[in-house]
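A.B. asks: next comes the sequence, and after it the predicted model I'd like to discuss.
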Amino acid sequence: MFASSPPKVEMESFELPPPGENQVLVRNTHTQLSAGSEANFLRFGPKSYGLPAGQSRANIGYMGTARIVAVGRGVEGYAVGDRVATSSAHASHALVDVSDPSSLHPVPEGVADEIAGFAALADVALHSVRRARLQIDQSVAIFGMGIVGQLVLQLARISGAHPLIAVDLVDERLELAKKSGATHVINPARGETVARVREITQGRGAEAVFHCAPAADILQSVMECAADRGSVVLTGSPPGTATISLKEELLRKELVVTGTYESGLSHPHVYWQWTRQRNRRACLRLMAEGRLQFQHLLTHVIPADEAPAMYERMLRESKGWLGVVFAW
C-alpha cells in the first residue's frame, strides 16, 4: 500500500525477485496498523515518518505475520514454512534481510497470526518501561490509550507498578484500559486531570508519567502530573512542538524527561543489553503465556483491500477503532 500527497492510500501490484544472499521471501498472512506512525506520514509528510524530505510516496507499515516461502544463500536458523513476525510493510509478500537481527522473529505456539506482528509496538512499549526503571508499587500515569499506551500499561502492571492511571479523551479506550490493568481512569474532558492524579497518589503526583498520546502540546500537563523528582517518558511520536514551564515543573521538581526511540539498538553492549530483537522475543513470549494480552484490543481484522477506507476513518475520528489488522 502506498500513500501519496495529498494524503491518500491505494493498493498497487508489484513483483519481487527470488531472495538474494541473507534474504528470505515471506508471504504475509496479516499486517498490523501502526496508527501513530502511519497517521503522522499521512498528515504531516515523510519527515514525520523518518523518510527524506520531498518523498511523497512510500510503502507504509512495518509489522506483519508471515510464512517463509523461499530462503536465500547464507540464511541460517530459518526454513521454508516457518511462521515469523516481520518488519515488512503492508503487502502480500516481502523480501526480508535477516542480516538485520530485528527484522524477523519466530512466532511461538499460542500467539495468533492477527496479533504476532504487534510485537513491534510491544517492543516500543517495553523499551519505554525499561527506560523508566519501574519499581514495585511505583505510581504510574499514562497519557494516551492507543495500542502503545495500552501495552505500556500492561507492562507497567507486570513490573509491579501501582497505582496505574490511564488518561484518554475516548471513553471506550478507557474501558479497554481497565481490562489492560488500569486501577484508575481519567477523561480530561470531564475534570481536572492534574488534581485527579494528585488525589489518587495522595498528593504526590505520579512517580513515572508516560506520554503516549499523539499531541505534543499536552507535555505541560504531563509534567504537572509528575511527582517531585519523578520521570516523564516520551513514548509516542507526537509531531509538532510543546511549550513547558521550565522553572515550576522541570527545575523545581527536578524532573527527568526521557525520550525513547531505540535508534542504534540492533546489537547489545555492556551498558544496554535490551536490543530490539530481545525485546520483541520477550514480548512474543509474554503473549504466548497470556501475560501480555491483545485480543481485547483488536477492533478490526479486515481484508487488505478495505485498507484505504480504514485509513480514511482513522484520519477522520479516534472513536470506534483501536487495533487494526489487514488480512492478506
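C.D. replies: Looks like it arrived, so ask away.
A.B. asks: going forward, measure contacts between C-alpha atoms and count neighbours the same way
C.D. replies: Noted.
A.B. asks: which non-adjacent residue is nearest the most centrally placed residue in the chain?
C.D. replies: Nearest to the geometric centre of the chain sits L121, at 3.1 Å (CA atoms, centre = their mean). Of all residues not flanking L121 in the chain, V148 sits nearest, at 6.2 Å (CA to CA, 6 or more residues apart in numbering).
A.B. asks: so which strand or helix has the one you found?
C.D. replies: Taking DSSP states H and E as the criterion, V148 maps to helix 147-158.
A.B. asks: give the partner strands of the next helix or strand after that helix in its sheet and their orientations.
C.D. replies: Beyond helix 147-158 on the C-terminal side, the first helix or strand identified by DSSP H and E is strand 164-167. With DSSP bridges as the test, strand 164-167 is paired with strand 140-143 (parallel), strand 184-186 (parallel).
A.B. asks: circling back: the helix holding V148 - contacts with which helices or strands?
C.D. replies: helix 119-132, strand 140-143, strand 164-167, helix 171-180 (3 or more CA pairs under 8 Å, 6 or more residues apart in numbering; DSSP states H and E).
A.B. asks: and the spatially closest residue to T183 that is not a sequence neighbour, how many residues sit next to it?
C.D. replies: Among residues not flanking T183 along the chain, L164 sits closest, at 5.2 Å (CA to CA, 6+ apart). When neighbours are counted by other CA atoms under 10 Å, L164 registers 26.
A.B. asks: go on, the one 5 residues further on?
C.D. replies: Other residues near L169 come to 17 when the count uses other CA under 10 Å.
A.B. asks: wouldn't it be in contact with G191 here?
C.D. replies: No. The pair L169 and G191 does not pass the contact test of CA atoms under 8 Å, sitting 10.9 Å apart.
A.B. asks: now the helices for the stretch 201-328 of the chain?
C.D. replies: Along the stretch 201-328 of the chain, counting by DSSP state H, counting those that start in this stretch, helices occupy 219-224, 276-288, 307-316.
A.B. asks: neighbouring contacts of stretch 170-188?
C.D. replies: Identification of contacts with stretch 170-188 by CA atoms under 8 Å, 6 or more residues apart in numbering yields 145-146, 150-151, 153-154, 157, 162-169, 193, 196, 293, 296-297, 318-320, 322.
A.B. asks: please spell out the PyMOL selection for the buried subset of the residues you listed.
C.D. replies: Command for PyMOL that selects the buried part of the contacts of stretch 170-188, burial taken from 16 or more other CA atoms under 10 Å:
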select buried, resi 145+146+150+151+153+154+157+162+163+164+165+166+167+168+169+193+196+293+297+322
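A.B. asks: residues in contact with the residue in the chain sticking out farthest from the centre?
C.D. replies: In the chain, the residue that sits farthest from the middle, by CA atoms, centre = their mean, is R73; the gap is 32.7 Å. Applying CA under 8 Å, 6+ apart to R73 gives the contacts 20-23.
A.B. asks: show the buried residues in the residues you listed.
C.D. replies: Buried, going by 16+ other CA under 10 Å: 20, 22-23, out of those.
A.B. asks: avg pLDDT for stretch 198-208?
C.D. replies: The pLDDT scores in stretch 198-208 average 98.
A.B. asks: how about it: buried residues?
C.D. replies: Going by 16+ other CA under 10 Å, stretch 198-208 has these buried residues: 198, 200-201, 204-208.
A.B. asks: stretch 63-83 too?
C.D. replies: Across stretch 63-83, burial judged by 16+ other CA under 10 Å covers 63-68, 70-72, 75, 78, 82-83.
A.B. asks: can you tell me which of those is nearest T243?
C.D. replies: Taking CA to CA as the measure, T243 sits nearest to M63 out of those, at 33.1 Å.
A.B. asks: could you report the neighbour count for the residue lying closest to W321 once chain neighbours are set aside?
C.D. replies: Spatial nearest neighbour of W321, excluding adjacent residues (CA to CA, 6+ apart): T299 at 5.6 Å. When neighbours are defined as other CA under 10 Å, T299 has 13 of them.
A.B. asks: if I follow the layout properly, T299 ends up in contact with F326?
C.D. replies: No. T299 lies out of contact with F326 (CA under 8 Å); the separation is 11.5 Å.
A.B. asks: immediately after the least confident helix or strand in the chain by mean pLDDT, which helix or strand?
C.D. replies: Lowest mean confidence among the helices and strands of the chain (mean pLDDT, DSSP states H and E): strand 2-4, at a mean of 68. Next in sequence after strand 2-4, counting helices and strands by DSSP H and E, comes strand 8-10.
A.B. asks: name the residues of that next one that are buried.
C.D. replies: By neighbour count with 16+ other CA under 10 Å, strand 8-10 contains the buried residues V9.
A.B. asks: and if you look at stretch 242-258?
C.D. replies: The neighbour-count check on stretch 242-258 (16+ other CA under 10 Å) flags 244, 249-250, 253, 255-256 as buried.
A.B. asks: quick one: end-to-end distance for stretch 199-211.
C.D. replies: 20 Å (CA to CA, to the nearest Å).
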